[in-house]
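Q: Here's a sequence, model it:
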Amino acid sequence: MFYRPFVPSLCLALVILGLYSIPGTEIGSLSFWDLLAADKIAHTGIFTVFTLSLIAAFRRQTRYSGLRARYKTVAIGLSMTYGAALELLQAQVFVDRSGDVLDFIANGLGAFLGLILFRIIYGYELSK
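A: Residues are numbered from 1 along each chain as shown. Below you'll find the predicted structure:
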């Protein structure tokens, strides 16, 4: 089945959505600089794991050879698009939250770190 390899990625996407939708008033109070550093590290880490799971899923699926051939590009593109959409949701929809370009950059950094981590863990060439 096509969707089975994507179950972990979908679960992660839902967890990320849940974390993004927590009202700003519910987030613990830290100093501004502590919050800033922790926030960017969290964005990078979450999107590293998310992208890693997407890369693995696109590589494991066998139904669509085009997706399998371009698994890295599709996974990074999907991860970055999801990150951008969540930042827009934070800016427009979620209560007491605001979208941040630096958060989007941290998401993108996480996406590329996911690609590097995939290469380290699985040993596949990045150029394939």
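
Q: Helices of this structure, start to end?
A: Listed from the start of the chain, the chain has helices (DSSP state H) covering 7-20, 32-60, 65-69, 71-92, 101-122.

Q: what angle sits between the second one and helix 7-20?
A: Regarding helix 32-60 and helix 7-20, their directions subtend 160 degrees when assessed with axes from the mean of the first three to the mean of the last three C-alpha atoms, to 10 degrees.

Q: so how far is helix 32-60 off the chain centroid?
A: Averaging C-alpha positions (C-alpha atoms, centre = their mean, to the nearest Å) puts helix 32-60 5 Å from its chain's average.

Q: Now that helix: buried residues?
A: By neighbour count with 16 or more other C-beta atoms under 10 Å, helix 32-60 contains the buried residues 39-40, 43-44, 46-59. Just so you know, the C-beta spots here come from the backbone N, C-alpha and C atoms, and that holds for glycine as well.

Q: so who does the nearest residue to residue 71 once chain neighbours are set aside touch?
A: What sits nearest to residue 71 in space, not counting adjacent residues and going by C-beta to C-beta, 6 or more residues apart in numbering, is residue 58, at 3.7 Å. By C-beta atoms under 8 Å, 6 or more residues apart in numbering, residue 58 lies in contact with 5, 67, 68, 71, 74, 75.

Q: Next, the contact list for the third one, please.
A: The contact partners of residue 68, by C-beta under 8 Å, 6+ apart, come to 58, 59, 61, 62.
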